[in-house]
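[1] Sequence first, then the predicted structure:
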Amino acid sequence: MTVQVTCMLLHHASKHLNAHFRNNPRRLLSMSLTSPEAFSIEKHVAIAAVRRACLVTCTVFNQLVRDKTDTLKKEDESPVTVGDYAAQAVINTVLRNAFPEDPIVGEEGADALRQESNARLRERMVSLATNALQEDLIDGEKAQWGLGSHHEHSSEALLKAIDEGSDTGGSNKRMWTVDPIDGTKGFLRGGQYAVCLSLIVNSQVVLGVIGCPNLQIYPANPDEGKGCIFVAVRGQGAFQITLSGTGAIKLPYFPPEKSYVLQSEEPKHTNMPLIKRVADELHLTEWGMDSQAKYCCLARGEGAVYLRMPAPTIGGKQPYEERIWDHAPGSILVEEAGGKITDSEGAPLRFGLGRGMGDNRGFVATVDEELHGRVVSAIKQAQSTEDAKKTKATP
Ligand code: AMP
Ligand code: MG
């Protein structure tokens, strides 16, 4: 089903894209990334951190398939690969060198890696992170961010860097969020995943950078290859560059595709039956994808809606509380590409509550305002139908 939908999408998208590039041949390749705008240094630091973390994840993926010992289970049963640890070590090392005072809210902690039984995994993390940090500098990168071959990185320093991500978040501060591999399940199955970084100031996301190593650069033209970095700065728009840091394209880069609702691939992460009902009502087709790559595709114009609704809870379990690192970068990307994002009742997202986002009322992101209102209404309608069914079923 997903493959079919993807093929349909690529076919449809190619028509838009081909027309677009005929009229504007690589019009934005020369877009400057160096103008002295707000958060300019932060933007360059974040791009460097995400780009180098993507080097880690790509290396790990190529080896992981052959070596199952590179995967651990966390207490919540989600798979954590050596890639998550090494990518967070890279990002936090760069942030610590560039902005020593800034708190970091990161998904991973290094406790498991410190255990003697995980010595091999720890060594792999150190070698992967060190290699990525020591790569030669490219344009826009600075050695003082801990980059280049002159910097040594001890095992202890990298473990400490991972643990720098333990900040509790909050409302009146400047802080970074890090999700080193968002969509670990997608990563493990060779699908979409994302390396995600954002800067939040006083509860407002001001910068988001998302690396998607497995996303086509131009959906219409697979020959261009894969690997994108998405960047958004509050008030400055959103753009896409390649993983090698070139070819800036302003988003959305083709007229928004109005047929698809992007949702999780993983049924445990969302309420798929409810989303199906909303999609049917709005004559949209569901398109399943792991990670914040969904926000990136929406921002590019590849879908009409991103929809995530809390999965039904079983056996009196608490509903899942969404995390700020899973939505902060994607939300600014959608907004800066001209879209709108709220919870499913139309209220603003809350990034100042802590590591979590409070009561889970789902997420609605769209490329246009009018559609956003219609999605919120359709959700309300679908929920009352669901409630009515439940009441009828209760004896
Ligand atoms: P996605 O790929 O969009 O399904 O989202 C992946 C993210 O979902 C992961 O980074 C997790 O942090 C998060 N996640 C884990 N469990 C749940 C859950 N029960 N409901 C919603 N999101 C979850
Ligand atoms: Mg995540």
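    Great, that's in hand. Ligands and ions are numbered 1, 2, ... in the order given.

[2] So which residues on the stretch 151-300 of the chain come close to ligand 1?
    Asp182, Gly183, Ser264, Glu266, Lys268, His269, Asp290, Ser291 (Cβ under 6 Å from any ligand atom). C-beta here means a position set from N, CA and C on the backbone, and glycine is covered the same way.

[3] swap the cut-off to 8 Å and go again
    Contact residues, the stretch 151-300 of the chain versus ligand 1 (Cβ under 8 Å from any ligand atom): 179, 182-186, 192, 263-266, 268-270, 289-292, 294.

[4] Give me the buried entries from those.
    179, 182-186, 192, 263-265, 269-270, 289-292, 294 (16 or more other Cβ atoms under 10 Å).

[5] near ligand 2, which of these show up?
    Asp179, Asp182 (Cβ under 5 Å from the ion).

[6] just checking, which of the buried ones among the residues of the stretch 151-300 of the chain next to ligand 1 belong to helices?
    For these, the ones inside helices are Thr184, Lys185, Gly186, Lys294, with DSSP state H as the criterion.

[7] is it possible to export these to CSV including distance to Ala248?
    Below are those laid out as CSV (distance: Cβ to Cβ, whole Å):
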residue, distance to Ala248
Thr184, 29
Lys185, 30
Gly186, 26
Lys294, 22
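
[8] Pick the one among these closest to Leu353.
    Lys294 (22.8 Å; Cβ to Cβ).

[9] Identify the residue spatially nearest to the closest one, adjacent ones excluded.
    Leu262 (4.1 Å; Cβ to Cβ, 6 or more residues apart in numbering).

[10] Can you tell me, leaving aside adjacent residues, what's nearest to the residue of the stretch 101-250 of the chain found nearest ligand 1?
    Among all residues of the stretch 101-250 of the chain, Gly183 sits closest to ligand 1, at 4.1 Å; criterion: Cβ to the nearest ligand atom. Leaving aside its sequence neighbours, Gly183 sits nearest to Ser291 (Cβ to Cβ, 6+ apart; 2.7 Å).

[11] So what sits opposite the closest residue to ligand 2 within the stretch 101-250 of the chain in the bridge?
    Using Cβ to the ion, Asp182 is the residue of the stretch 101-250 of the chain that sits closest to ligand 2, at 3.5 Å. Residues in a beta bridge with Asp182, per DSSP bridges, are Ala194.

[12] contacting residues around it?
    By Cβ atoms under 8 Å, 6 or more residues apart in numbering, Asp182 lies in contact with Tyr193, Ala194, Val195, Cys196, Ser291, Gln292, Trp325, Asp326.

[13] what's the answer for Ala293, then?
    Ala293 touches Gly183, Gly186, Gln192, Tyr193, Ala194, Ile210, Cys212, Asn214, Leu215, counting by Cβ under 8 Å, 6+ apart.

[14] which residue ranges form the helices in the stretch 51-200 of the chain?
    82-98, 111-114, 119-134, 155-163, 184-188 (DSSP state H, counting those that start in this stretch).

[15] interface residues of the protein facing ligand 2?
    Counting by Cβ under 5 Å from the ion, the chain sits next to ligand 2 at Asp179, Asp182, Asp326.
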